[in-house]
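J.: could you look at this predicted model? Sequence included:
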Amino acid sequence: KQEVTQIPAALSVPEGENLVLNCSFTDSAIYNLQWFRQDPGKGLTSLLLIQSSQREQTSGRLNASLDKSSGRSTLYIAASQPGDSATYLCAVSRSYGGSQGNLIFGKGTKLSVKP
Amino acid sequence: DTAVSQTPKYLVTQMGNDKSIKCEQNLGHDTMYWYKQDSKKFLKIMFSYNNKELIINETVPNRFSPKSPDKAHLNLHINSLELGDSAVYFCASSQVRRIQYFGAGTRLSVL
């Protein structure tokens, strides 16, 4: 059974710092991994999707890496801003079976960037 | 235009009632999903559906049933509501195995 763990559960940093959020998964048979952002009381916004054959994806100040064999992904945020404050969720989809599209989520990392 | 829209945004009801949550997507996606986010903010898949098959998470009670009148809609029907059903329910859509786009959520409170 696939389990996704995110560490730390919460993180508080001063504005301008570079930071790394971690995600690990127990079953390496994934099709892709997605990072999402959730603001309080809102839905999820997709940030980056990494296919299982890829090592990393970049979008602006965000860079996500994937090491499928070790079951790990990191989300790197450069030059953090107060507007980055949100909960960041990691999710994986399976590469086999009838529910390949279904995402298995971690519990998230709540990020607070102080001005 | 909202890509994935859910109605209502808030739903307060009594135990034992039957209720529905509507979801519509205008992205032309072939797969739609329902997720439940519990009080600890943990998101869990409930259903995924495309025009070929419905995949049900084995932990979902059969009081919950998705209904798809057409490719752009996947509504969630809940019978005999229980206190433990209180949560935020999210609808999402995607092309299969691609980026999923989420609605804003429906906060269900069962009294």
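T.: That came in fine, so what should we check first?
J.: all strands of chain A, in order?
T.: Taking DSSP state E as the criterion, chain A carries its strands at A:4-7, A:10-14, A:19-25, A:30-38, A:44-51, A:56-59, A:62-67, A:72-77, A:86-94, A:103-105, A:109-114.
J.: same list (the ones you listed) but as TSV, adding mean pLDDT and mean neighbour count.
T.: Using the backbone N, CA and C atoms, a C-beta is placed for each residue, glycine as well. What follows is the strands of chain A, written out as TSV (pLDDT from 0 to 100; neighbours: other C-beta atoms under 10 Å in any protein chain shown):
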stretch	mean pLDDT	mean neighbour count
strand A:4-7	96	17
strand A:10-14	96	12
strand A:19-25	96	18
strand A:30-38	94	22
strand A:44-51	94	19
strand A:56-59	96	14
strand A:62-67	97	19
strand A:72-77	97	20
strand A:86-94	93	24
strand A:103-105	91	23
strand A:109-114	97	17
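J.: output those strands as a markdown table; include the columns distance to B:S94.
T.: Listed next are the strands of chain A as a markdown table, based on distance: least, C-beta to C-beta, whole Å:
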| stretch | distance to B:S94 |
| --- | --- |
| strand A:4-7 | 18 |
| strand A:10-14 | 29 |
| strand A:19-25 | 19 |
| strand A:30-38 | 10 |
| strand A:44-51 | 9 |
| strand A:56-59 | 17 |
| strand A:62-67 | 18 |
| strand A:72-77 | 19 |
| strand A:86-94 | 10 |
| strand A:103-105 | 9 |
| strand A:109-114 | 23 |
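J.: with distance to chain B added, can I get the ones you listed in JSON lines?
T.: Output for the strands of chain A, formatted as JSON lines (distance: least, C-beta to the nearest C-beta, whole Å):
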{"stretch": "strand A:4-7", "distance to chain B": "10"}
{"stretch": "strand A:10-14", "distance to chain B": "12"}
{"stretch": "strand A:19-25", "distance to chain B": "14"}
{"stretch": "strand A:30-38", "distance to chain B": "6"}
{"stretch": "strand A:44-51", "distance to chain B": "4"}
{"stretch": "strand A:56-59", "distance to chain B": "11"}
{"stretch": "strand A:62-67", "distance to chain B": "13"}
{"stretch": "strand A:72-77", "distance to chain B": "15"}
{"stretch": "strand A:86-94", "distance to chain B": "6"}
{"stretch": "strand A:103-105", "distance to chain B": "4"}
{"stretch": "strand A:109-114", "distance to chain B": "9"}
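J.: find me the pLDDT at residue 40, would you?
T.: In the absence of a named chain, chain A is used. On the pLDDT scale, A:P40 is placed at 87.
J.: wait, chain B
T.: At B:K40, pLDDT is 84.
J.: now the one helix or strand in chain B whose mean pLDDT sits lowest: how far from the chain's centre is it?
T.: Least confident helix or strand, chain B: strand B:54-56 with a mean of 78, by mean pLDDT, DSSP states H and E. Remark: strand B:54-56 is offset 12 Å from the chain centroid, using C-alpha atoms, centre = their mean, to the nearest Å.
J.: and it, what does it pack onto?
T.: In terms of contacts (3 or more C-beta pairs under 8 Å, 6 or more residues apart in numbering or on different chains; DSSP states H and E), strand B:54-56 is packed against strand B:43-50.
J.: tell me the strands beside the strand it packs on, with direction?
T.: Applying DSSP bridges, strand B:43-50 is found paired with strand B:31-37 (antiparallel), strand B:54-56 (antiparallel).
J.: show me what the mean pLDDT comes to for the very next helix or strand once past the shortest one.
T.: The C-terminal neighbour of strand B:54-56 among helices and strands, as given by DSSP states H and E, is strand B:64-67. Mean pLDDT, strand B:64-67: 92.
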